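[1] What follows is a protein structure lacking sequence information:
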Ligand code: BGC
């Protein structure tokens with residue numbers, strides 16, 4: 001997914017991907033080749049939202065997904081030699097991906113269970129990924145979704161997906177909830193309009209994200225927009241463009257105070273600090289993810305978006321030096337678990353968190369399969385991967401062995 005432009009990575013499956021890999025002038029304007037399909041209007045939110053400038057993870061615990069623990073236990077049963085490491089993996093929180101309409105019933109199950117995980121009155125915060133935009137993953141193929149703009153997907157996204165999620169979140173007013181919205185979506189609008197599917201989706205992407213913000217910004221729900229990663233938006237021109245898009249979309253949604261912040265490195269592999277990026281893209285002023293977050297917050301402030309926090313996906317960024325091209329985003333070989341999820345690890349960062357559940361594939365490696373993206377058989381990709389989101393056991397075991405810090 002994602003693309004990056006140069007670099008990328010992403011969420012979803014990858015956001016990464018970028019798309020234009022070859023050498024790009026990351027900041028050069030690229031004229032759209034297909035006109036954007038006009039979008040439905042958005043009514044800005046006016047009701048109460050979660051408090052602004054607050055870190056929802058401070059003083060709280062993260063919710064542990066029993067569905068993820070089941071996958072870990074399945075691997076433990078199949079590989080008893082690794083049981084000690086695997087046992088540890090049962091205690092880590094991971095992102096809860098709502099990647100299709102049929103995932104809706106699971107929301108109630110998770111929210112009811114989150115209440116039960118809370119002990120001694122300490123709040124337990126689930127982190128949901130809302131990821132079913134019409135024409136999803138416009139610059140790559142591995143995470144193309146179920147809704148298409150041409151087939152009425154915009155209206156279905158609103159009524160069958162976002163409204164239904166909002167209803168369920170509102171039914172648990174005492175449950176604090178964090179939400180990361182639509183990985184790769186607006187970053188694709190910032191840099192990938194030369195991809196015809198992205199150009200055609202521009203208006204609907206903007207309006208759909210604005211709609212999601214307006215509907216989901218409830219007093220108990222802390223929203224984070226996806227902000228790609230250092231290797232995609234690190235260049236000054238890209239960050240400036242991105243900040244202007246956020247400002248427009250948030251204004252449509254009811255104002256910049258509707259969100260708590262931004263999520264970066266979702267499903268990507270960028271290290272927190274070091275010179276990995278300098279070697280891969282010397283012109284990028286953000287060689288690592290912490291530099292990116294710092295510079296992005298400056299670009300956002302210049303656009304009038306202040307006091308926001310960041311969630312950095314550290315699920316698979318423990319090891320640097322594992323890519324030959326920064327734009328490679330799919331099942332990167334040699335990756336290891338990164339920092340364990342924790343609140344407020346450094347200034348500006350609300351949490352390090354395992355957004356991409358370690359062990360879930362980024363995309364299928366077999367070129368004969370649907371949604372095959374060639375990034376999933378790049379020289380940096382692990383062979384034999386199943387479809388995006390499916391359990392990739394050998395890759396999972398490698399992540400544990402390569403963990404940094406060690407498990
Ligand atoms: C996939 C989703 C999956 C998520 C988490 C994405 O790349 O497209 O279906 O839920 O990764 O693994």
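    Done, it's in. A quick note: this is a predicted structure, and the numbers were derived from the prediction, not measured.

[2] and the helix or strand where residue 400 lies, what does it pack onto?
    Using DSSP states H and E, residue 400 sits in helix 393-401. Judged by 3 or more CB pairs under 8 Å, 6 or more residues apart in numbering; DSSP states H and E, helix 393-401 is in contact with helix 66-78, helix 83-89. C-beta here means a position set from N, CA and C on the backbone, and glycine is covered the same way.

[3] so which of these gets nearest the ligand?
    Of all the helices and strands packed on helix 393-401, helix 66-78 sits nearest to the ligand, with 10.0 Å by CB to the nearest ligand atom.

[4] Show residues contacting that closest one.
    82-83, 86-87, 89-90, 94, 106, 113, 357, 359, 391, 393, 396-397 (CB atoms under 8 Å, 6 or more residues apart in numbering).

[5] just those residues that are near the ligand?
    Near the ligand, taking CB under 6 Å from any ligand atom as the test, the members of the contacts of helix 66-78 found are residue 357.

[6] Now residue 98: closest residue in space, sequence neighbours ignored.
    residue 130 (5.5 Å; CB to CB, 6 or more residues apart in numbering).

[7] I'd like the distance from the host helix or strand of residue 97 to the chain centre, please.
    Using DSSP H and E, residue 97 sits within strand 96-98. Centre-to-centre, strand 96-98 and its host chain are 10 Å apart (CA atoms, centre = their mean, to the nearest Å).

[8] got the buried residues for the next helix or strand after that strand?
    Counting by DSSP H and E, the element after strand 96-98 in chain order, helix or strand, is helix 104-117. Counting neighbours by 16 or more other CB atoms under 10 Å, one finds that the buried residues in helix 104-117 are 107, 110-111, 113-114.

[9] same deal with stretch 372-383?
    Buried, per 16+ other CB under 10 Å, within stretch 372-383: 372-373, 375-378, 380-382.

[10] all strands for the stretch 101-250 of the chain, in order.
    Using DSSP state E, counting those that start in this stretch, the strands of the stretch 101-250 of the chain run over 124-125, 127-130, 177-181, 221-226.

[11] correct me, but residue 209 touches residue 179?
    No. With contact defined as CB atoms under 8 Å, residue 209 does not reach residue 179; the gap is 12.0 Å.

[12] Now the helices and strands packed on helix 393-401 in CSV, please, with extra columns for mean neighbour count and mean pLDDT.
    As requested, the helices and strands packed on helix 393-401 are exported to CSV (neighbours: other CB atoms under 10 Å; pLDDT from 0 to 100):
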stretch, mean neighbour count, mean pLDDT
helix 66-78, 15, 97
helix 83-89, 15, 95
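
[13] Which one of those helices lies nearest to residue 298?
    Nearest to residue 298, of all the helices and strands packed on helix 393-401, is helix 66-78, at 35.4 Å by CB to CB.
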